[in-house]
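Engineer: any chance you could fold what I've pasted below:
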Amino acid sequence: MESLHYCFIINPIAGKRRADVWEKRIQSEMEASKQSFSIHRTNAPGDAIRITKAQSKKKIPVCVVSVGGDGTLNEVINGAAFAKNVIVAVIPTGSGNDFVRCFSHPEQFFSFAALQSGTVHTLDLLRVNGRYAINLVNIGFDCDVVEQASRFHSLRLLCGPIGYLVSVFIVLSRKMGKRMTVVTDHETFQMDDYLLSTMANGRYYGGGFCAAPKSCADDGKMDVALIKKVSRLRFLSLLSSYKKGTYQEKEALAPLLISRRVKNLRIRFSSLTGICIDGEITHATAVSIETAPRAVRFLVPNGVVPKDGFLSGEAV
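Structural biologist: Numbers count the residues shown, from 1 in each chain. Below is the predicted model of the structure:
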């Protein structure tokens, strides 16, 4: 790989909160490799965007390495979008780390040798009301679950997939369904009640739920799944297949499922509604989502293999 300056951005509250450990390891590994590097810690939301944008203004090639979870990676890609001198990499130290689930041999993301000998692929992003997402946007039941699960981040026993599953059952006890009108490239779906909706560039969220099993991150389109409101009992019977990514094959779900691959999508809600963007939640009465083709250069470490169909193009 070309000579790079490596800029590591550590989120000190991600995952098991081992920022000191990671900073020492990064310094040791990078000094041994004699590569140019710098280390930064985030102190507040938006810091990783600011740091990455500062790197993008430099006239040298830079690899910005997100050391954190999906939220940290989201900030980095928002700072790196369309920056020609910036490559984005990730050391997944968060609690969910869903984007890297789209690759086999994810342990290689922790190898500095694999990082420095990896290949660069140009990926799409999703532009969501002006903000970028690299992984997945979700609305409805699953967004409510993510919002509930975020309240467990300070509780070690309920952090990650366990907290997500607990949150599923908490949200099941509440009123479910979001009323919304959906407009895609060529279709309009009038106001109706939807249990959950996903617009995907990646495949996984919520600590391993496979919402978009056939998505491709460089095809210029997003995978959309809209599931109409069903009873709690019926939803529970479908939850296992939803987690495994086999739900689209269930004949019983066919009348309730709208599945499309589109470039653009707009949603109007009947009231203020939560929108989960790469695990971070905002609220709005409408949302516009459009594919931003080939918007970010992403480093795939040596030995890491994209899962079947996830990347269609060759390394650049």
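Engineer: is it true that residue 242 touches residue 212?
Structural biologist: No - in this structure, residue 242 sits apart from residue 212 without contact. The criterion is C-beta atoms under 8 Å, and the distance is 11.1 Å. Where you see a C-beta, it was placed from the backbone N, CA and C, and this is true even at glycine.
Engineer: now the helices for the stretch 151-300 of the chain?
Structural biologist: 161-172, 232-244 (DSSP state H, counting those that start in this stretch).
Engineer: now do the buried residues in the longest one.
Structural biologist: Buried positions in helix 232-244, judged by neighbour count with 16 or more other C-beta atoms under 10 Å: 235, 238, 241-243.
Engineer: again with stretch 251-258
Structural biologist: Under 16+ other C-beta under 10 Å, the buried positions of stretch 251-258 are 253, 256, 258.
Engineer: try stretch 74-82
Structural biologist: By neighbour count, with 16+ other C-beta under 10 Å as the criterion, the buried positions of stretch 74-82 are 74-81.
Engineer: same deal with stretch 52-67?
Structural biologist: With the criterion 16+ other C-beta under 10 Å, stretch 52-67 contains buried residues 52-53, 55-56, 62-67.
Engineer: same deal with stretch 216-234?
Structural biologist: For stretch 216-234, the neighbour count (16+ other C-beta under 10 Å) marks 216-219, 221-230 as buried.
Engineer: show me the contacts for the nearest residue to residue 295 once chain neighbours are set aside.
Structural biologist: Distances taken as C-beta to C-beta, 6 or more residues apart in numbering place residue 125 nearest to residue 295, at 4.2 Å, with adjacent residues excluded. With contact taken as C-beta atoms under 8 Å, 6 or more residues apart in numbering, residue 125 is in contact with 77, 81, 132-134, 201, 291-292, 295-296.
Engineer: residue 222 against residue 199, yeah?
Structural biologist: Yes - using C-beta under 8 Å, residue 222 makes contact with residue 199 at a distance of 5.1 Å.
Engineer: what touches both of the two?
Structural biologist: Counting by C-beta under 8 Å, 6+ apart, the common neighbours of residue 222 and residue 199 are 126, 265, 289.
Engineer: between the residues you listed, which is closest to residue 305?
Structural biologist: Nearest to residue 305 out of the shared contacts of residue 222 and residue 199 is residue 126 (C-beta to C-beta; 23.6 Å).
Engineer: quick check: that closest one vs residue 290, distance?
Structural biologist: 7 Å (C-beta to C-beta, to the nearest Å).
Engineer: again with residue 202
Structural biologist: Noted for residue 202: a distance of 17 Å to residue 290, by C-beta to C-beta.
Engineer: these two: who's more crowded?
Structural biologist: residue 202 (24 against 16; other C-beta atoms under 10 Å).
Engineer: now do the contacts for the nearest residue to residue 290 once chain neighbours are set aside.
Structural biologist: On the basis of C-beta to C-beta, 6+ apart, the spatially nearest residue to residue 290 that is not a chain neighbour turns out to be residue 264, at 4.5 Å. Counting by C-beta under 8 Å, 6+ apart, residue 264 makes contact with 184-185, 288-291.
Engineer: which pair of those residues spans the longest distance?
Structural biologist: By the measure C-beta to C-beta, those have their two most distant members at 185 and 288, which lie 12.8 Å apart.
Engineer: which neighbours do the two have in common?
Structural biologist: 264-265.
Engineer: below-threshold pLDDT in the stretch 151-300 of the chain: ranges please.
Structural biologist: For the stretch 151-300 of the chain, applying pLDDT under 70 flags the ranges 153-161.
Engineer: before we move on, what SS does residue 30 have?
Structural biologist: Here residue 30 is recorded as helix under DSSP: H, G, I helix; E, B strand; the rest coil.
Engineer: contacting residues around it?
Structural biologist: So residue 30 contacts 6, 37, 112 (C-beta under 8 Å, 6+ apart).
Engineer: partners of the helix or strand where the first one lies in the sheet?
Structural biologist: Translated: residue 6. If you go by DSSP states H and E, residue 6 is part of strand 5-10. Looking at strand 5-10 with DSSP bridges, its partner strands are strand 36-41 (parallel), strand 62-68 (parallel).
Engineer: what separates it from the chain centre, distance-wise?
Structural biologist: Taking the mean of its C-alpha atoms, strand 5-10 sits 20 Å from the chain's own mean (C-alpha atoms, centre = their mean, to the nearest Å).
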